[in-house]
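Engineer: heads up, no residue letters with this:
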């Protein structure tokens, strides 16, 4: 806001939200509305990351994703006309800092595979051991890292390039693993869009419905049973719209311990508008 940044004088902010150390945000204005294409050049050409933002704008806030740590990255930003042709292109270099802690020591072993990679990257979360979520390319090079460790259940991709994960520090007691009462919705740049407070706690798995709401595992708590409830959370308000206590539909003789069900996974089938749950016990 202090000065105008034109396409010739782009403002680039590294890790703008402090939780995604291998990204940056490019800010500039153009006189005409354009879509913007970004290319982060890989160490080999098959690892280039290239994408085009879908909306035209004159005030541009452009995410630069897929940068290498401890490396001078070559980045290209291009203005795209309505006919798909490039109006202007700017190429520059960016040196990113090394990753810290255990995430900085990860070594990926590469083997030949015929499988296709989604967006050229593979997203990994290895568990609650000090290694944060990260993604690597076809060469085994880390191109994304998130600088906060979620609760053990992991890091769930949802629509619009965002993720859901549970705060492992804010919990309530259950029979076994304390359940998180805070759910975060964050984007790939580390920006927190929503924090949801889940009174009875959430655990294990989430699914995104067609209407944008979330379903997830929760706890009955009444009768001192846990990990046996499915809830639907309103994405806009955080309200609990539906709560299904599975023990209400099961012969009571099976509800024989606090952890009688142990709900482990949830999957949504949009064609049938059905939520499928897996009860380990």
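Structural biologist: Now that the structure is in, tell me what you want to look at. From a predicted model like this one, the values you see are computed outputs, not experimental measurements. Numbering: from 1, shown residues only.
Engineer: what residues are up against residue 106?
Structural biologist: 131, 134, 142 (Cβ atoms under 8 Å, 6 or more residues apart in numbering). The way it works is simple: take the backbone N, C-alpha and C, and place the C-beta from them, glycine included.
Engineer: What distance do you get for the nearest residue to residue 124 once chain neighbours are set aside to residue 29?
Structural biologist: Spatially, and ignoring its direct neighbours in sequence, residue 124 is nearest to residue 134 (5.9 Å; Cβ to Cβ, 6 or more residues apart in numbering). Residue 134 sits at a distance of 34 Å from residue 29 (criterion: Cβ to Cβ, to the nearest Å).
Engineer: Give me the more crowded residue out of the two.
Structural biologist: residue 134 (23 against 14; other Cβ atoms under 10 Å).
Engineer: all strands of the stretch 51-200 of the chain, in order?
Structural biologist: Secondary structure of the stretch 51-200 of the chain by DSSP state E, counting those that start in this stretch: the strands cover 57-64, 71-80, 86-96, 122-124, 134-136, 142-145, 156-157, 162-166, 171-172, 179-187, 192-208.
Engineer: Quickly list what the spatially most central residue of the chain is bridged to.
Structural biologist: By Cα atoms, centre = their mean, the chain has its centre lying nearest to residue 163, at 2.6 Å. Beta-bridge partners for residue 163, by DSSP bridges, are residue 157, residue 186.
Engineer: Quick check, pLDDT for it.
Structural biologist: Note on residue 163: pLDDT of 91.
Engineer: one step back: so which of the strands of the stretch 51-200 of the chain gets nearest residue 281?
Structural biologist: The closest of the strands of the stretch 51-200 of the chain to residue 281 is strand 192-208. By Cβ to Cβ, the value is 12.9 Å.
Engineer: Report the mean confidence score over that closest one.
Structural biologist: pLDDT averaged over strand 192-208 gives 95.
Engineer: cool, and stretch 30-49?
Structural biologist: 96.
Engineer: distance from the centroid: which residue in this structure tops it?
Structural biologist: Residue farthest from the centre of the chain, counting by Cα atoms, centre = their mean, is residue 253 at 40.2 Å.
Engineer: What separation do you get for that residue and residue 219?
Structural biologist: Taking Cβ to Cβ, one finds residue 253 at 21 Å from residue 219.
Engineer: hang on, the earlier thing: roughly how far apart are the residue nearest to residue 124 and residue 102?
Structural biologist: Counting by Cβ to Cβ - residue 134 and residue 102 are separated by 10 Å.
Engineer: swap in residue 135?
Structural biologist: On the measure of Cβ to Cβ, residue 135 and residue 102 end up 16 Å apart.
Engineer: And the two? Which one has more around it.
Structural biologist: Ranked by neighbour count (other Cβ under 10 Å), residue 135 and residue 102 place residue 135 first, with 23 against 12.
Engineer: isn't that one right next to residue 144, touching?
Structural biologist: Yes - checked against Cβ atoms under 8 Å, the pair residue 135 and residue 144 is within contact range at 3.9 Å.
Engineer: Need the residues touching each of those two.
Structural biologist: What both residue 135 and residue 144 touch, as defined by Cβ under 8 Å, 6+ apart, is the set 121, 123.
Engineer: Residue 253 - that's part of a strand, no?
Structural biologist: No - if the criterion is DSSP: H, G, I helix; E, B strand; the rest coil, then residue 253 is helix and not within a strand.
Engineer: Check the spacing between the closest residue to residue 69 other than its chain neighbours and residue 29 real quick.
Structural biologist: Of all residues not flanking residue 69 in the chain, residue 99 sits nearest, at 4.7 Å (Cβ to Cβ, 6+ apart). Separation of residue 99 from residue 29 (Cβ to Cβ): 33 Å.
Engineer: Check residue 66 too.
Structural biologist: 25 Å.
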